[in-house]
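*Asks:* Below: sequence and its predicted model.
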There are 2 protein chains.
Amino acid sequence: MVDHVHFERELTLLKSDVSKMLFLVSESLNDAIESLETMNETLARKVLESDDMIDELNREIEEKAYQIIARYNPILKQLRYIITILKFSNDLERIGDLSCNIAEKCLFLSEEKIKFEMLKELKDMFGSTLKVVQDAFKAFVEEDVDLAFRLWKFDDVIDEMEKKIRRIVVERIREGNISAELALVYILIARDLERVGDHANNLCEEVIYIETGKNMKEFLRGVESGSEGADS
Amino acid sequence: MVDHVHFERELTLLKSDVSKMLFLVSESLNDAIESLETMNETLARKVLESDDMIDELNREIEEKAYQIIARYNPILKQLRYIITILKFSNDLERIGDLSCNIAEKCLFLSEEKIKFEMLKELKDMFGSTLKVVQDAFKAFVEEDVDLAFRLWKFDDVIDEMEKKIRRIVVERIREGNISAELALVYILIARDLERVGDHANNLCEEVIYIETGKNMKEFLRGVESGSEGADS
């Protein structure tokens, strides 16, 4: 039923749009953290402005996906694949929103005339979440279930990082050793980064679903019984 | 191309599944807040357990939607409609996750042997977000663009509620008038409720898109020029 050559070409174009989006979103996340570290308000505003472009790209990807489905009437498996690309794109768009949240903290602190001090633990968390987002996309493009599963398991580490930051902040509030505004900013940024990790985790589950046709519960049963991801 | 009678019937069934999901999610959000107010750990655990059911229902809705698309090859407009139902379902599923976050705060405080005290502002915010979620679904079922647009505008009010709670908490930390753990819990719950509001906001944008074929930017231009939502 599907004209395979044209269909595949359109899918490739769609994936290249998602790559472009990933590039913009990674840059946005990078800039957001840098704006905080250097208290660069201009950079923070750039992050906020670039979000419109990311939203627009997300809408375009959605529109193209609809047209592909309507034109080629894909079978169930192909349909799942296309809709998963849409979910990817949506997850990336949300990560873009979270970058804006982070950039807004730079503007908030600047308004309150408070200098941001980078916490080592926050810096680590930032590096880890950015890497997970980039690797999740790699797993998607290279159809690499093992990588997706390794990343999926790594989400616990990111959750643990957030908890650690919370403990540090709670301790410092108790000691009266931190301004209330900075405490708020640390907690909210760690929260935002944890959510970035969640979206990356969605991406991993989606890769596993596309490649194996199994949701995580089914996939994990396969891992336990030794029929999936033996090298993980 | 589409067998209209069967197609419409399947869509109605799909929407009834989303109604069921809305019911479960509203209950979950209600229970989560109640578990905190009354420090009822059993209720908090019930919220966490019921989340599996919500996730499962979301997967079922997704699967049914795929089958409808694959079977009926709907035209572009119908396709958008079905995918918007999927997004609804996903947004509801995320609201369920946020209820779990809130219920976990009950378990956290209980472990730390700290009693939760309800803030009036938090109680108000809870009432508003729950109502917005329920009304967004009403707008969807009744295809009510005006209601969707009124709710969409209300999101600013919810954002303002979160900011107010942050200001109160920052003030209390400064005065040494709150335990660090409770400060953390207030900030994180207000954050979670604000995100519930965001998801409800997505629902409103989706209703407007389905009914008018316009994204928010286009729709707002129409409102300014007087061709849309004159009574809003």
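*Replies:* In hand now; what should we look at? Numbering: from 1, shown residues only, chains lettered A, B, ... in the order given.
*Asks:* which residues in chain A form helices?
*Replies:* Along chain A, counting by DSSP state H, helices occupy A:4-37, A:41-72, A:76-111, A:120-141, A:145-175, A:180-212, A:216-225.
*Asks:* Could you measure from the nearest residue to A:Lys77 once chain neighbours are set aside over to A:Ala200?
*Replies:* Distances taken as C-beta to C-beta, 6 or more residues apart in numbering or on different chains put A:Gly213 closest to A:Lys77, at 7.6 Å, once the chain neighbours are dropped. All C-beta atoms are positioned from the backbone trio N, CA, C, and that covers glycine. Distance, A:Gly213 to A:Ala200, using C-beta to C-beta, to the nearest Å: 22 Å.
*Asks:* Settle it for me: which of these two has more neighbours?
*Replies:* Relative neighbour count places A:Ala200 above the other of A:Gly213 and A:Ala200, with 28 against 12, counting by other C-beta atoms under 10 Å in any protein chain shown.
*Asks:* what about A:Glu175, distance to B:Ser26?
*Replies:* As judged by C-beta to C-beta, A:Glu175 and B:Ser26 stand 41 Å apart.
*Asks:* Looking at these two now, which is surrounded by more residues?
*Replies:* In this view A:Glu175 and B:Ser26 are compared by other C-beta under 10 Å, and B:Ser26 has more residues nearby, 18 against 9.
*Asks:* what about the closest residue to the more buried one other than its chain neighbours, neighbour count?
*Replies:* Closest residue in space to B:Ser26, ignoring its immediate chain neighbours: B:Gln134 at 6.2 Å, by C-beta to C-beta, 6+ apart. The number of residues packed near B:Gln134 is 15, by other C-beta under 10 Å.
*Asks:* Could you do the one 10 residues further on as well?
*Replies:* Residue neighbour count, defined by other C-beta under 10 Å, stands at 16 for B:Asp144.
*Asks:* Thought B:Lys138 was touching it, still the case?
*Replies:* Yes: counting by C-beta atoms under 8 Å, B:Asp144 touches B:Lys138, with 7.0 Å between them.
*Asks:* tell me the pLDDT at A:Met1?
*Replies:* pLDDT recorded at A:Met1 is 51.
*Asks:* hang on, isn't A:Asn90 packed against A:Asn58?
*Replies:* Yes: the pair A:Asn90 and A:Asn58 qualifies as a contact (C-beta under 8 Å) at a distance of 6.7 Å.
*Asks:* The two: who's more crowded?
*Replies:* Neighbour totals were compared for A:Asn90 and A:Asn58, and A:Asn58 leads with 22 against 18 (other C-beta under 10 Å).
*Asks:* Report the separation between that one and B:Arg71.
*Replies:* The value you get for A:Asn58 to B:Arg71, if C-beta to C-beta is used, is 28 Å.
*Asks:* Over to A:Lys77?
*Replies:* From A:Lys77 to B:Arg71 the distance is 14 Å (C-beta to C-beta).
*Asks:* Settle it for me: which of these two has more neighbours?
*Replies:* Neighbours were counted for A:Lys77 and for B:Arg71 using other C-beta under 10 Å; B:Arg71 has more, 14 against 11.
*Asks:* OK, contacts around the more buried one?
*Replies:* Residues near B:Arg71 by C-beta atoms under 8 Å, 6 or more residues apart in numbering or on different chains: none.
*Asks:* Without its sequence neighbours, what residue ends up closest to A:Gln73?
*Replies:* You called it Gln, but residue A:73 is Asn. Closest residue to A:Asn73 apart from its sequence neighbours, by C-beta to C-beta, 6+ apart: B:Asn73 at 4.4 Å.
*Asks:* Based on its surroundings, how many neighbours for the one you found?
*Replies:* Residues within reach of B:Asn73, counting by other C-beta under 10 Å, total 18.
*Asks:* Also A:Ser99?
*Replies:* Neighbour count for A:Ser99, taken as other C-beta under 10 Å: 28.
*Asks:* Could you double-check that it lies in contact with A:Ala32?
*Replies:* Yes: with contact defined as C-beta under 8 Å, A:Ser99 counts as touching A:Ala32 (4.2 Å).
*Asks:* overlap in contacts of these two?
*Replies:* Taking C-beta under 8 Å, 6+ apart as the contact rule, A:Ser99 and A:Ala32 both touch A:Val47.
*Asks:* then stretch A:115-127 to PDB, C-alphas only?
*Replies:* In PDB, the C-alpha atoms belonging to stretch A:115-127 read as follows (Å, rounded to 0.1, in the frame of the first residue of the first chain):
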ATOM      1  CA  LYS A 115      25.100  36.500  42.300                       C
ATOM      2  CA  PHE A 116      24.800  32.900  41.200                       C
ATOM      3  CA  GLU A 117      27.400  30.600  42.600                       C
ATOM      4  CA  MET A 118      27.700  27.300  40.800                       C
ATOM      5  CA  LEU A 119      27.400  24.200  43.000                       C
ATOM      6  CA  LYS A 120      29.700  21.400  41.900                       C
ATOM      7  CA  GLU A 121      26.800  18.900  42.200                       C
ATOM      8  CA  LEU A 122      24.700  21.100  40.000                       C
ATOM      9  CA  LYS A 123      27.400  21.400  37.400                       C
ATOM     10  CA  ASP A 124      27.700  17.500  37.400                       C
ATOM     11  CA  MET A 125      24.000  17.200  37.000                       C
ATOM     12  CA  PHE A 126      24.000  19.600  34.100                       C
ATOM     13  CA  GLY A 127      26.700  17.600  32.300                       C
END
